[in-house]
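> Whatever this is, show me its structure:
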Amino acid sequence: MARETTYLELSDGKSHKFYEVTIDDLEVTVRYGRIGDAGKTTVTVYDTPQTAQKEVSKLVNSKLKKGYESATKGDRIKQPISRSDRRLARLNHLRRTGWKPLIKPTLDAPFASKYLGKPWLSPEATHPHCPNCQGALNFHFQLNLQELPESLQGKFGTGLFQLFTCFSCYRHVPQIVALPESANSTPLVTEISAEDAANLSTWAPYVIQTSGIDDFHGRYMLQIVGWQPFDDYPFYEEAQETYGTEYSEYEEMLIFHVDEQDCEFYEEDDPDRPTPIDIQLSWNRTADKLSGWGYWGQAVEHQYCRICGQPMQLLYQLGEGIEYAGNQGMTYDTDNLLLVFQCAEHKEEFNCYGSAF
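Prediction:
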């Protein structure tokens, strides 16, 4: 019998733990503990493969009845338990993992995941032009698909994902280009003056969202140096229309809006009063993120592949802003989001949807 592993997680506010069972012929290995820890391990050897398989089925079914769910190892990280996790447990069937980009201003590098800088193009390629007006497209951002979180490796393909925009025609042109065999992983380069780093905080948003002029001529980039996972939930209309699930007013607040001001509406001893951890773990659902759920804003309009007709997966959301330099917010000062969708099967097929709110 081939080696087989079942990995489960339970994260409901009371608990944040995993349970892993591996069967290898007569041997059954069980590992369990809090998500992010190594956990404890037990190994049991059975008389026959059939007996071992029967015991594995019993163990897994027992955990599923207690609320554990199949999960991808590494999607969630060790974190404090928020009371809101328990209150959102009813919505576990809607939960996906989204990833916040962690940003640092650095010198430009050709194969980096980045905002701004210069797009990498193969020696024989020319800078892309708008299919409508034929004008040169503005480079928006680039993702090195080999440097995504481990659980997303291969999900969106390989190479460099690039997004170009024509601000005259309001046309977005996404593409994936192959990396040369000689390409190495992107080093973190920090040689940038404090003055230029400060200028980026006011200059970059304008260039990212408009047809602004690159005053640095592509010398600097906002490099994506890491990804922070968080539990993401769908826009309330999508939860209702697609899954028949309605958010309560309190659930909607915890998912989309919770901040320090929300505490003012609750008495000190009110069990529904948001806690500091609730606020710490909250996330602006309209900000930039990788994967997860898209924020529709006004109307839910699912995107479908023109080849196979299947619903497309969210690759990236370009939203109200990104965080960098010590988690200082950098907003784009815009009321529109751009959702980039990709077909899971035909990875060269993309749709870009502008979501106004």
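
> show me what contacts residue 352?
For residue 352, the contact set (Cβ atoms under 8 Å, 6 or more residues apart in numbering) comprises 163, 172, 174, 338, 339, 340, 341. C-beta here means a position set from N, CA and C on the backbone, and glycine is covered the same way.

> Of those, just say which sits nearest to residue 192.
Comparing the contacts of residue 352 against residue 192 with Cβ to Cβ places residue 163 closest, at 23.7 Å.

> ok, now how distant is the residue nearest to that closest one when sequence neighbours are not counted from residue 107?
Nearest non-adjacent residue to residue 163, counting by Cβ to Cβ, 6 or more residues apart in numbering: residue 140, 4.2 Å away. Separation of residue 140 from residue 107 (Cβ to Cβ, to the nearest Å): 19 Å.

> Could you find the closest non-adjacent residue to the spatially most distant residue from the centre of the chain?
What lies farthest from the middle of the chain is residue 47; by Cα atoms, centre = their mean that is 44.6 Å. Excluding its sequence neighbours, the residue lying closest to residue 47 (Cβ to Cβ, 6+ apart) is residue 26, at 7.3 Å.

> Same question for residue 46.
Closest to residue 46 by Cβ to Cβ, 6+ apart is residue 52, at 4.1 Å.

> looking at this, that neighbour is in a helix?
Yes - judged by DSSP: H, G, I helix; E, B strand; the rest coil, residue 52 forms part of a helix.

> give the contact list for residue 250.
Residue 250 makes contacts with 87, 272, as judged by Cβ under 8 Å, 6+ apart.

> isn't residue 348 right up against residue 176?
Yes - counting by Cβ atoms under 8 Å, residue 348 does reach residue 176; the two are 6.5 Å apart.

> Those two: which is more packed in?
residue 176 (17 against 11; other Cβ atoms under 10 Å).

> Across the sheet, point out what pairs with the more buried one.
residue 161 (DSSP bridges).

> Relative to residue 273, how far out is residue 267?
7 Å.

> Same drill for the two, tell me which one is more crowded.
Taking neighbours as other Cβ under 10 Å, residue 267 and residue 273 compare with residue 273 leading, 15 against 8.

> In stretch 51-66, which residues are buried?
The neighbour-count check on stretch 51-66 (16 or more other Cβ atoms under 10 Å) flags 52, 53, 55, 56, 59, 60, 63 as buried.

> Residue 22 is in contact with the fifth one, correct?
Meaning residue 59. No - the criterion here is Cβ under 8 Å, and residue 59 misses it with residue 22 at 11.1 Å.

> Can you work out which residues contact both of these two?
residue 30.

> Give me the more crowded residue out of residue 140 and residue 107.
Neighbour count, other Cβ under 10 Å: between residue 140 and residue 107, residue 140 has more, with 21 against 16.

> now that one, what's its secondary structure?
Residue 140 is classified as strand under three-state DSSP.

> Quick check: pLDDT value at it.
pLDDT recorded at residue 140 is 82.

> how far away is it from residue 162?
According to Cβ to Cβ, residue 140 and residue 162 sit 8 Å apart.

> again, but for residue 8
From residue 8 to residue 162 the distance is 37 Å (Cβ to Cβ).

> How about residue 218?
In terms of Cβ to Cβ, residue 218 sits 14 Å off from residue 162.

> try residue 114
10 Å.

> now residue 104
20 Å.

> Tell me where the model's unsure across the stretch 151-300 of the chain.
Applying pLDDT under 70 to the stretch 151-300 of the chain picks out residues 184-191, 201, 205-206, 208-215, 277, 280-283.

> where exactly do the strands run in it?
In the stretch 151-300 of the chain, the segments counted as strands under DSSP state E, counting those that start in this stretch are 160-166, 171-177, 220-232, 289-291.

> Return the most buried member of those strands.
For the strands of the stretch 151-300 of the chain, the largest average neighbour count (mean count of other Cβ atoms under 10 Å) is found in strand 289-291, namely a mean of 24.

> helices or strands next to that strand in the packing?
When contacts are defined as 3 or more Cβ pairs under 8 Å, 6 or more residues apart in numbering; DSSP states H and E, strand 289-291 sits against strand 96-107, strand 313-318.

> which residues does the residue nearest to residue 314 when sequence neighbours are not counted contact?
Once flanking residues are discounted, residue 314 sits nearest to residue 294: 4.9 Å by Cβ to Cβ, 6+ apart. Counting by Cβ under 8 Å, 6+ apart, residue 294 touches 235, 314, 317, 337, 339, 341, 353, 355.

> what's the most distant pair in these?
Across the contacts of residue 294 (Cβ to Cβ), the longest gap, 14.4 Å, separates 235 and 341.

> Turn the strands of the stretch 151-300 of the chain into a markdown table, including distance to residue 252.
Formatted as a markdown table, those follow (distance: least, Cβ to Cβ, whole Å):
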| stretch | distance to residue 252 |
| --- | --- |
| strand 160-166 | 30 |
| strand 171-177 | 30 |
| strand 220-232 | 14 |
| strand 289-291 | 19 |
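
> Fine, thanks again, bye for now.
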